[in-house]
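Enquirer: sequence and predicted structure below; questions after.
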Amino acid sequence: MIVDIDKIVAEARSHIGKKEATGRNDGEFVERVLGGHGERGNAWCAAFALRCYEWGGAKLPVNFWMCRRVATLYDALERDGAVLGPHEPPEPGDIAIWLGLSAHSASGASGHVGIVVDVRGRAIDVIEGNAGNAVALRRYDGIVHPRITAFARPSRLREPAR
């Protein structure tokens, strides 16, 4: 997969501060992230990461509708060889995945997702959708943050079938 990481990172950065309308996974921005069909109420962190890739000009070879669920996204990325090994440091454009942070059955949420936008020594900056009901930039001290399950590099995936 050919990916312009600078475009993906710029796309993610352009949404910092965008918020839900009422704090219930709703509002115009969230509906656009989730699919644009008036859909609301579902967790949207994984959908946000996938949309940043799409809006940044890349097409991920995963099913957007299925992979809006964190565990499903992780399974697809792991199955297709995009999950980094334990000694591979993350890079900008990688997807940070936290599994098992919640179990809200209505949304299918079973974790959290963000996009790595900077790595400075052992500190990583991650832009996360649905972080406190908004898109937020967070810094984590230490490459192997104890709560981050894995990092995935979507650019390792093969081009989607046309």
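Expert: On my side now, so go ahead.
Enquirer: mind listing the strands for this structure?
Expert: Remark: strands assigned in the chain by DSSP state E are 95-99, 111-120, 123-128, 136-141, 150-152.
Enquirer: same for the helix-or-strand element of the chain with minimal mean pLDDT, what does it pack against?
Expert: Within the chain, no helix or strand scores below helix 64-67, which has a mean of 81 by mean pLDDT, DSSP states H and E. Packing partners of helix 64-67 (3 or more Cβ pairs under 8 Å, 6 or more residues apart in numbering; DSSP states H and E): helix 45-55, helix 70-79. For the C-beta atoms, the positions are set from N, CA and C on the backbone; glycine is no exception.
Enquirer: if we can go back for a sec, with distance to Gly23 added, can I get the strands of the chain in TSV?
Expert: Formatted as TSV, the strands of the chain follow (distance: least, Cβ to Cβ, whole Å):
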stretch	distance to Gly23
strand 95-99	21
strand 111-120	17
strand 123-128	16
strand 136-141	14
strand 150-152	29
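Enquirer: out of those strands, which gets nearest to Val83?
Expert: Val83 sits nearest to strand 150-152 of all those, at 4.9 Å, using Cβ to Cβ.
Enquirer: just checking, what packs against that closest one?
Expert: Going by 3+ Cβ pairs under 8 Å, 6+ apart, strand 150-152 lies up against helix 70-79, strand 95-99.
Enquirer: list the contacts of the shortest one.
Expert: Taking Cβ atoms under 8 Å, 6 or more residues apart in numbering as the criterion, the residues outside strand 95-99 that touch it are 49, 70-71, 73-74, 77, 90, 110-116, 124, 126, 147-154.
Enquirer: for the residue most central in space within the chain, what are its contacts?
Expert: With distances taken as Cα atoms, centre = their mean, the chain has Ala49 as the residue nearest its mean C-alpha position (3.1 Å). For Ala49, the contact set (Cβ under 8 Å, 6+ apart) comprises 12, 73, 95, 113-115, 129.
Enquirer: hmm, 6 Å instead?
Expert: Taking Cβ atoms under 6 Å, 6 or more residues apart in numbering as the criterion, Ala49 is in contact with 95, 113, 115.
Enquirer: from Ala21, how far off is it?
Expert: According to Cβ to Cβ, to the nearest Å, Ala49 stands 21 Å off from Ala21.
Enquirer: check Val113 too.
Expert: 21 Å.
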